[in-house]
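K.L.:
Sequence unavailable; structure follows:
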């Protein structure tokens, strides 16, 4: 069972009868399974009064109203409606569920992959009349418990969906083939369908498409996927015009090249990444990730686009604000966004290794050297991702008395600070993806 399952049963058997329950999140995060589990755990008496409806694209709220009336008259009191956001008029008419049928004594659970549609409905038709249950964010502890996986690297590779390990827990080949983020193509498809089309569908259905604002043209030109991929790849996770419009450069490639160049261990030091055709590698990576440079963008990206992308990704629970504090007084915190789907980010690094192996200069290296450099790129990405994962999960677990942030100062940074506001004291942390502790790593502490 998902950790949030108790919230669903709490709604079903609670005494409130003026609200509906919304179960929403991206694909493959356990929504439909939760509904079936709730039905499967019911008593015979409650089960006899339960209906499960799967909405279709050609359904509408008039048809739903007619069917719910029939169910109510027949004595049904628990109704689960899956994929409810497929109905075009759902967002503009959702109050029917809460104001009419929930008020009559029905417990109504609405579920769907169109998270933004629910978010828009909660802001309008279902304002203050819905209990939301979010499934998109799957923390490491829950992922580990559900899939029987106890390796952080597995979470970094596939974290974000429950697809990996769903079919055969012990068969690594099946798990790898069935994972959402198994390769660049599946990841790009997931971003395009589960995220970009989610945004487009919701805005098209909301106020008859009158709420598209600036993103419609970006989506129609096929450039929304590019913008989202650029933001995910940006090492500092900033929503800036420069991130989306400057000529694209792989942060992973540049950072690993610099670190290998100045490596303290003489045996590991190499300038091999300085000798590859960086321009060609970057171009192939852009093709894989569907990223476009300014001259290839038919739509000029504006601050309005940036603001809306940020707003909608936050509504989809894909990003969380975690500003970086500095030691300089009177300075504003630096923008720093954390992604809740590690698998998407890691797949970009794997795509980089994939195109690097096709570079003529790189392919001339020995197998040992190619493997060593490829592993170093992925290791550095895992290290940065682990920092983000620990910071994100600690933020989400913290109570109101504790503030969680990264702190930068002139010569370094604390990867995480936990500030106890009641006791006025801090715990400071260095986070490393490593099997050993080296004094140099924690010198700032």
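P.N.:
Arrived safely, thanks for sending. From a predicted model like this one, the values you see are computed outputs, not experimental measurements. Numbering: from 1, shown residues only.

K.L.:
When you work out contacts or count neighbours from here on, use the C-alpha atoms and nothing else.
P.N.:
OK.

K.L.:
who's in contact with residue 101?
P.N.:
68, 108 (Cα atoms under 8 Å, 6 or more residues apart in numbering).

K.L.:
ok, now residue 146?
P.N.:
1-2.

K.L.:
same thing with residue 39?
P.N.:
47, 50.

K.L.:
I'd guess residue 426 is in a strand, am I close?
P.N.:
Yes. Counting by DSSP: H, G, I helix; E, B strand; the rest coil, residue 426 is located in a strand.

K.L.:
and it, how many neighbours?
P.N.:
When neighbours are defined as other Cα atoms under 10 Å, residue 426 has 14 of them.

K.L.:
For this protein, give me the ranges with low pLDDT.
P.N.:
By pLDDT under 70, the low-scoring segments of the chain are 163-185, 188, 206-213, 235.

K.L.:
Residues contacting whichever strand or helix holds residue 219, please?
P.N.:
In this structure, residue 219 sits in helix 215-220 according to DSSP states H and E. Helix 215-220 is contacted from outside by 196, 200, 224-225, 299, 305, 308-309, using Cα under 8 Å, 6+ apart.

K.L.:
Figure out how far that helix is from the centre of its chain.
P.N.:
Its chain's C-alpha centre and that of helix 215-220 lie 21 Å apart, by Cα atoms, centre = their mean, to the nearest Å.

K.L.:
Name the residues of it that are buried.
P.N.:
The neighbour-count check on helix 215-220 (16 or more other Cα atoms under 10 Å) flags 215-216, 218-219 as buried.

K.L.:
between these, which is nearest residue 404?
P.N.:
Comparing the buried residues of helix 215-220 against residue 404 with Cα to Cα places residue 215 closest, at 32.5 Å.

K.L.:
how close does that closest one sit to residue 340?
P.N.:
Separation of residue 215 from residue 340 (Cα to Cα, to the nearest Å): 22 Å.

K.L.:
do residue 99 as well
P.N.:
34 Å.

K.L.:
Between the two, point out the one with more neighbours.
P.N.:
residue 340 (22 against 17).

K.L.:
Quick one: residues contacting that one.
P.N.:
By Cα under 8 Å, 6+ apart, the neighbours of residue 340 are 137-138, 160, 317-320, 389, 392.

K.L.:
Compare these and tell me which has the most neighbours.
P.N.:
Busiest of these [other Cα under 10 Å] is residue 160, holding 29 neighbours.

K.L.:
Identify the residue nearest that residue in space, chain neighbours excluded?
P.N.:
Distances taken as Cα to Cα, 6 or more residues apart in numbering place residue 341 nearest to residue 160, at 4.4 Å, with adjacent residues excluded.

K.L.:
The one you found reaches residue 155, doesn't it?
P.N.:
No. Counting by Cα atoms under 8 Å, residue 341 sits too far from residue 155 to count as a contact (9.6 Å).

K.L.:
What segments of this structure are strands?
P.N.:
Assigned by DSSP state E, the chain shows strands spanning 20-24, 50-54, 78-82, 107-112, 130-134, 319-321, 324-326, 337-339, 402-409, 412-420, 425-429.

K.L.:
quick revisit: quick check: phi and psi on the residue nearest to residue 160?
P.N.:
Main-chain dihedrals, residue 341, degrees, to the nearest 10: phi -120, psi 90.

K.L.:
Stretch 143-160: which residues count as buried?
P.N.:
In stretch 143-160, counting by 16+ other Cα under 10 Å, buried: 143-144, 147, 149, 152, 155-160.

K.L.:
and that stretch, how far apart are its ends?
P.N.:
So stretch 143-160: terminal residues 9 Å apart, Cα to Cα.

K.L.:
next one: that stretch to chain centre, how far?
P.N.:
15 Å.

K.L.:
Likewise for stretch 265-281?
P.N.:
Using Cα atoms, centre = their mean, the offset of stretch 265-281 from its chain centre is 32 Å.

K.L.:
what's the answer for stretch 9-26, then?
P.N.:
24 Å.

K.L.:
dump the residue contacts of residue 358.
P.N.:
Residue 358 neighbours (Cα under 8 Å, 6+ apart): none.

K.L.:
and the gap between it and residue 368?
P.N.:
16 Å.

K.L.:
cool, and residue 15?
P.N.:
65 Å.

K.L.:
How about residue 123?
P.N.:
Counting by Cα to Cα - residue 123 and residue 368 are separated by 56 Å.

K.L.:
Please apply the same query to residue 301.
P.N.:
43 Å.

K.L.:
Compare the two and say which one has the larger neighbour count.
P.N.:
Comparing residue 301 with residue 368 by other Cα under 10 Å, the one with more neighbours is residue 301, at 19 against 9.

K.L.:
Does that one touch residue 246 like I think?
P.N.:
No. With contact defined as Cα under 8 Å, residue 301 does not reach residue 246; the gap is 10.9 Å.

K.L.:
what's the spacing between stretch 375-386 and its chain's center?
P.N.:
19 Å.

K.L.:
looking at it, residue 214 is touching residue 303, isn't it?
P.N.:
No. Applying Cα under 8 Å as the test, residue 214 and residue 303 come out as separate, 10.1 Å apart.

K.L.:
Settle it for me: which of these two has more neighbours?
P.N.:
Per other Cα under 10 Å, whichever of residue 214 and residue 303 has more neighbours is residue 214, with 16 against 11.

K.L.:
Which residue lies closest in space to the more buried one, excluding its sequence neighbours?
P.N.:
Residue 214 sits nearest to residue 305 (Cα to Cα, 6+ apart), 6.0 Å away.

K.L.:
same thing with residue 240?
P.N.:
Spatial nearest neighbour of residue 240, chain neighbours left out: residue 306 (7.1 Å); criterion: Cα to Cα, 6+ apart.

K.L.:
Now for the one you found, how many residues are close by?
P.N.:
17.

K.L.:
got the contact list for it?
P.N.:
239-241.

K.L.:
ok, now with 10 Å
P.N.:
Contacts for residue 306 (Cα atoms under 10 Å, 6 or more residues apart in numbering) come out as 214-215, 227, 239-241, 244.

K.L.:
Kindly report the same for residue 7.
P.N.:
Residue 7 touches 21, 131-133, counting by Cα under 10 Å, 6+ apart.

K.L.:
Next one: it from residue 95, what distance?
P.N.:
To residue 95, residue 7 is 21 Å away according to Cα to Cα.

K.L.:
With residue 441 instead?
P.N.:
Relative to residue 95, and taking Cα to Cα, residue 441 is found at 55 Å.

K.L.:
and if you look at residue 277?
P.N.:
Residue 277 is 58 Å from residue 95, where distance means Cα to Cα.

K.L.:
How many neighbouring residues does the residue nearest to residue 99 when sequence neighbours are not counted have?
P.N.:
Nearest non-adjacent residue to residue 99, counting by Cα to Cα, 6+ apart: residue 18, 6.9 Å away. Residue 18: 19 surrounding residues under other Cα under 10 Å.

K.L.:
does residue 18 really touch residue 96, like I thought?
P.N.:
No. Between residue 18 and residue 96 there is no contact under Cα atoms under 10 Å: 11.4 Å.
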